[in-house]
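**Q** Need the 3D shape of this:
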Amino acid sequence: MAANINPTVRRRRLGAELRRLRKASGLKATEVAERLMVSQPKISHLENGKRAISPCDVHDLCSIYGVTDQPVIDSLMQMAKESAQQGWWNAYGDIPQSVYIALETDAASVHAYESTVIPGLLQTPAYAQAVIKETIPLLTAEQADTRLKVRLRRQHRIHDPVCRLRLWVVLDESALRRIVASPQVMREQLEHLNALSAEPHITVQVLPYTVGAHPGLSGQFCILQFADSPEAGVVYMERFTNDLYLEKPSDAQHYSALYDHLQAQALTPDSSRDFITEVTKTYIDAARHPY
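**A** Numbers count the residues shown, from 1 in each chain. Have a look, this model is predicted:
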C-alpha cells in the first residue's frame, strides 16, 4: 500500500462526503436504508466512518443521491477501495489508539498540549518504555513491547522526508520535572527534546509554574489538521478507556482559541530551550550525586 494512503482516514472522509451528498439530495438515512434494503444503523456507520464500504455500495448510493458526474463517482469509489486496505499499525494486532494513529499518520499538523508527560512523538525509547510500564497496570511484557514498538514507529511521521508533520507542543513544567524512570533517563529525554525542538518543523514551548492557573488545567488535548481540508480539524483527548474525538467546526474553533491562549502564556521557543537546559542540569547533578 502506498505510504500516503490511510484507510481509516479515507473511510471517515468518504463517510462525510456521502453524508453531504445524502443531505443535498433531501433524503433521510432511514429512506436510504429502505431503498438499499439495509438497516438504518448501517447507513449511520458508513457515514461516520465506522465500517468499510464497498465500491458497489458507493455506486448505488451515488445513483440514489442523483450524482451523475463520473469523475466524482470514480473518486468516491477509489476512496472506497483504499478504505478497505490496512494501515501499518494493523500489523501489530488490536492495539489501542488505532483511530488516533490513523489520523496522526494523515495529518499535516498537530498542535498538542501536555500537562504531565512528554508527548509520544518526542519520547526517547527509555522514557517511552517507562511511561508505558508504569501507567498501564496489569500489562504483560509482550503487550508493553508491542506498545513501545508502535509508539516508536509513530515517530517516523516527524522524520518523513517527503511530508514532515508540523508539530507544535505546549508543555506544562510538570512534564519536565516529573522523574520518569531515573534522572539519567530524564536527562537524555530533555536533551532529545531540545534537539528536536531545533528542527524547523517542530516547536516546543514551556508553560512554567509561574503562569499560575491557565486554560490547560482541565487536561491534555491535541488538534489535528489535514492538508486537503484545513478547515476540518479534529480535537483528540486521550482517556484511559474511551478516547474522545471532537469533529464539529465549533469544537475545533473553541480548542484552537484555547490553544492560542496557551501559546501566548508560554515561554517563547528560544526561552523554552533555555528553560529545558536549566532543568536538564538538575538531572545531571542528581545523577552525579544520587544521595
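**Q** buried sites along the strand or helix carrying Ala195?
**A** If you go by DSSP states H and E, Ala195 is part of helix 183-197. By 16 or more other CB atoms under 10 Å, the buried positions in helix 183-197 come out as 183, 185-194, 196-197. Using the backbone N, CA and C atoms, a C-beta is placed for each residue, glycine as well.
**Q** Stretch 235-243 too?
**A** Buried positions in stretch 235-243, judged by neighbour count with 16+ other CB under 10 Å: 235-236.
**Q** residues in contact with that stretch?
**A** 97, 99-100, 103, 219-224, 244-247, 251-252, 255 (CB atoms under 8 Å, 6 or more residues apart in numbering).
**Q** And the residues you listed, which of them are buried?
**A** By neighbour count, with 16+ other CB under 10 Å, the contacts of stretch 235-243 hold 97, 99-100, 103, 220-224, 246, 252, 255 as buried.
**Q** Please state the backbone phi and psi of the residue positioned nearest the centre of the chain?
**A** Centroid check for the chain by CA atoms, centre = their mean gives Glu104 as the closest residue, at 4.0 Å. Per-residue torsions, Glu104: phi -60, psi -40 (degrees, to the nearest 10).
**Q** Just confirm Ile35 contacts Ile64, I think it does.
**A** Small correction: residue 35 is Arg, not Ile. Yes: if you go by CB atoms under 8 Å, Arg35 and Ile64 touch, sitting 5.6 Å apart.
**Q** Comparing the two, which residue is more hemmed in?
**A** Counted by other CB atoms under 10 Å, Arg35 and Ile64 do not tie: Ile64 has more neighbours, with 16 against 12.
**Q** ok, now which ones touch that one?
**A** Counting by CB under 8 Å, 6+ apart, Ile64 touches 25, 27, 32, 35-36.
**Q** so the residue nearest to the centre of the chain touches Arg154, yeah?
**A** Yes: the criterion here is CB under 8 Å, and Glu104 meets it with Arg154 at 6.6 Å.
**Q** thinking again about what came up before, most neighbours out of the contacts of Ile64, which is it?
**A** The residue in the contacts of Ile64 with the most neighbours, by other CB under 10 Å, is Val32 (22 neighbours).
**Q** Where does that residue sit, in terms of helix or strand?
**A** Taking DSSP H and E as the definition, one finds Val32 inside helix 29-36.
**Q** Beyond that helix, next helix or strand please.
**A** Following helix 29-36 in sequence, per DSSP H and E, is helix 40-47.
**Q** I'd like to know which elements that next one is packed against.
**A** With contacts defined as 3 or more CB pairs under 8 Å, 6 or more residues apart in numbering; DSSP states H and E, helix 40-47 has these neighbours: helix 7-25, helix 29-36.
**Q** Next, the residues that contact the last one from outside, please.
**A** Taking contacts as CB under 8 Å, 6+ apart, the residues outside helix 29-36 that touch it are 22, 39-40, 42-44, 47, 57, 60-61, 64.
**Q** Phi, psi for the residue nearest to Ile223 when sequence neighbours are not counted please.
**A** Computed as CB to CB, 6 or more residues apart in numbering, the closest residue to Ile223 that is not its neighbour in sequence is His111, at 4.6 Å. As for His111, its main-chain torsions (degrees, to the nearest 10) stand at phi -110, psi 110.
**Q** Just the pLDDT at His111, thanks.
**A** His111 is assigned 97 on the pLDDT scale.
**Q** Can we start the residue count at 41 from this point?
**A** Shifting the count to begin at 41 puts that one at His151.
**Q** can you give me the helices in the stretch 41-190 of the chain?
**A** Using DSSP state H, counting those that start in this stretch, the helices of the stretch 41-190 of the chain run over residues 47-65, 69-76, 80-87, 95-105, 110-123, 138-146, 165-175, 181-194.
**Q** Show residues contacting the fifth one.
**A** If you take CB under 8 Å, 6+ apart as the criterion, helix 110-123 is touched by 45, 47-48, 50-51, 53-54, 57-58, 92-95, 97-99, 102, 107.
**Q** Now, of the residues you listed, which are buried?
**A** 45, 47-48, 50-51, 53-54, 57-58, 92-93, 95, 97-99, 102, 107.
**Q** For His254, which of the helices of the stretch 41-190 of the chain is the nearest?
**A** Nearest to His254, of all the helices of the stretch 41-190 of the chain, is helix 165-175, at 23.4 Å by CB to CB.
**Q** Contact partners for Gln305?
**A** Counting by CB under 8 Å, 6+ apart, Gln305 makes contact with 247, 251, 254.
**Q** No further queries at this time; thank you.
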